[in-house]
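# below are the sequence and a predicted model for it; my questions follow.
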Amino acid sequence: MVLGLGGSSLNLAISVKAWEMVVFLAIVCTVLSVITLLQGVKRIGASRAAIISTFEPLSTALLGIWLLQETLDGRQLLGGALIIIGVLLQKRG
């Protein structure tokens, strides 16, 4: 932001619809996720909530494939497999 303001390349003249989407994403992706995480910790405990939250990158990738028709490369598939292995190891221990 500092570089954009200093170099006069920061353009905040976006449509009202775009600002609405920014506010929506800020509320849903930040506020709502923190509230649900804290409720989850309160209901199921910190260790179980931490194990479940390790699925976030995997679920994000799957939603990207489903909703945005993105493709996964080998590195991403390996990362997903490592996440699943990590969760299984945490659950076992």
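Arrived safely, thanks for sending.

# from now on I want contacts and neighbour counts done on CA atoms only, so please keep to that.
Fine.

# quick check: domain ranges of this protein?
Following automatic domain parsing, one finds the domains of the chain at 20-44, 54-93.

# okay, those in CSV with mean neighbour count and mean pLDDT next?
Listed next are these as CSV, based on neighbours: other Cα atoms under 10 Å; pLDDT from 0 to 100:
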stretch, mean neighbour count, mean pLDDT
domain 20-44, 12, 90
domain 54-93, 13, 84
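
# would a markdown table of the ones you listed with distance to Ile14 be doable?
Below are the domains of the chain laid out as a markdown table (distance: least, Cα to Cα, whole Å):
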| stretch | distance to Ile14 |
| --- | --- |
| domain 20-44 | 10 |
| domain 54-93 | 23 |
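
# quick one: closest of these to Leu3.
Leu3 sits nearest to domain 20-44 of all the domains of the chain, at 20.9 Å, using Cα to Cα.

# quick one: distance of that closest one to the chain centre.
Average the C-alpha atoms of domain 20-44, do the same for its chain, and the two points are 11 Å apart (Cα atoms, centre = their mean, to the nearest Å).

# show me what that domain is in contact with.
48-49 (Cα atoms under 8 Å, 6 or more residues apart in numbering).

# next, Leu72: phi, psi?
The phi/psi pair for Leu72 (degrees, to the nearest 10) reads phi -110, psi 140.

# so how far is Gly64 from it?
From Leu72 across to Gly64, the span is 9 Å (Cα to Cα, to the nearest Å).
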